[in-house]
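Chemist: here are the coordinates; sequence isn't available:
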Ligand SMILES: N[C@@H](CCC[C@H](N)C(=O)O)C(=O)O
C-alpha cells in the first residue's frame, strides 16, 4: 500500500490529511485509523481527515478522532482542510464545503488565516457551575481559578465519563485573561486526553462567556495552549448566528503511508 498523506496543524491541534477523491482510503477500518494517529507506532495526530468529492460544494470533510471513530465537527480540522484544498488547487481563497453538521463557508484571509463559518447555535444550557452547548460537537464549558495548574486530562476524563457517559462530551476549562480574552484548555473526547487546542471548543467558550455575561463583545480572543484563535458572532433571537472561527493553519510535512497495520 502506498498512500500519500499530509500533516497539518492549527494552533497545535494536529491532523493527518488524505486526498480521498479517488476513494482509495479504507474508510471503515477504525483500527487502521487509530494506528495511523498513534504517536509511537504510527504517524501521530489528534485526528485524521479525508477530503472527498461532494456534488453540492467544493469538497466534503470526513473526520475521525485519533481513536478511529468517525465523529462530529472539528473546527480546527475544518480550517486545516480549507488550507489543504487550496494547496491541492481545488479552491482559491473562498469556498463552501460539506461536513457532518452541514454546509460551511470559509475564507482564507490576507494574513493567511482561515475564517470558517460554524453552525448556528440555538440551545445554550446554562447551569450553576457550567454551560453546555453544541457548536458542531458537544461542549461542556466550566470556569476555573488556576487553569495553569489544573490536571486537565484527569478532571476532563472525570466529567466526560461521569456526567456524559459513553457518548461523552468535550470538556473546556476557562479562565478570563483580560477584556474579551479567555484562556482555554480542552479535554477532547475521542482523543481521551488534553489537546493543544480545539476549534469547536473555543467557539463554545466564546458563546458561553457571552451568554453568561462574562463578555459583552461579539468578537472574543481565545488563548489555547497551542496558539490564539478568534471567534466572531451575532446574537440571534434564539441563540447565535454568523459564528466564525478564525486562526492560523500550517502544513508541517508530507509523506507516504507504506504499510497496513
Ligand atoms: N478538535 C476538534 C474537535 C474534534 C471532535 C471532538 N473530538 C469530538 O469527538 O467531539 C475541533 O477543533 O473542533
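Modeler: In hand now; what should we look at? Note that the structure is predicted; figures quoted are calculated from it, not measured.

Chemist: do you know how far residue 196 is from residue 112?
Modeler: As judged by CB to CB, to the nearest Å, residue 196 and residue 112 stand 20 Å apart. Backbone N, C-alpha and C define where each C-beta goes, glycine included.

Chemist: again, but for residue 29
Modeler: Distance, residue 29 to residue 112, by CB to CB: 34 Å.

Chemist: these two: which is more packed in?
Modeler: Shown here are residue 29 and residue 112; by other CB atoms under 10 Å, residue 29 has more neighbours (14 against 11).

Chemist: neighbours of the nearest residue to that one once chain neighbours are set aside, just the number please.
Modeler: Spatial nearest neighbour of residue 29, excluding adjacent residues (CB to CB, 6 or more residues apart in numbering): residue 68 at 8.0 Å. The burial count assigned to residue 68 is 19, neighbours taken as other CB under 10 Å.

Chemist: wait, is residue 68 part of a helix?
Modeler: No: residue assignment for residue 68, taken from DSSP: H, G, I helix; E, B strand; the rest coil, gives coil, which places it outside any helix.

Chemist: was I right about it contacting residue 26?
Modeler: No: in terms of CB atoms under 8 Å, residue 68 does not count as a neighbour of residue 26; the distance is 11.2 Å.

Chemist: okay, domains of this protein per the record?
Modeler: Following automatic domain parsing, the chain resolves into domains at 2-118+249-258, 124-244.

Chemist: got a markdown table for those domains, with mean pLDDT and distance to the ligand too?
Modeler: Formatted as a markdown table, the entries for the domains of the chain read as follows, by pLDDT from 0 to 100; distance: least, CB to the nearest ligand atom, whole Å:
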| stretch | mean pLDDT | distance to the ligand |
| --- | --- | --- |
| domain 2-118+249-258 | 97 | 3 |
| domain 124-244 | 97 | 3 |
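
Chemist: give me phi/psi at residue 200?
Modeler: Backbone torsions for residue 200, taken as degrees, to the nearest 10, come to phi -70, psi -30.

Chemist: tell me the contacts of it?
Modeler: Neighbour list for residue 200: 72-75, 118, 135-137, 139, 170, 245 [criterion: CB atoms under 8 Å, 6 or more residues apart in numbering].
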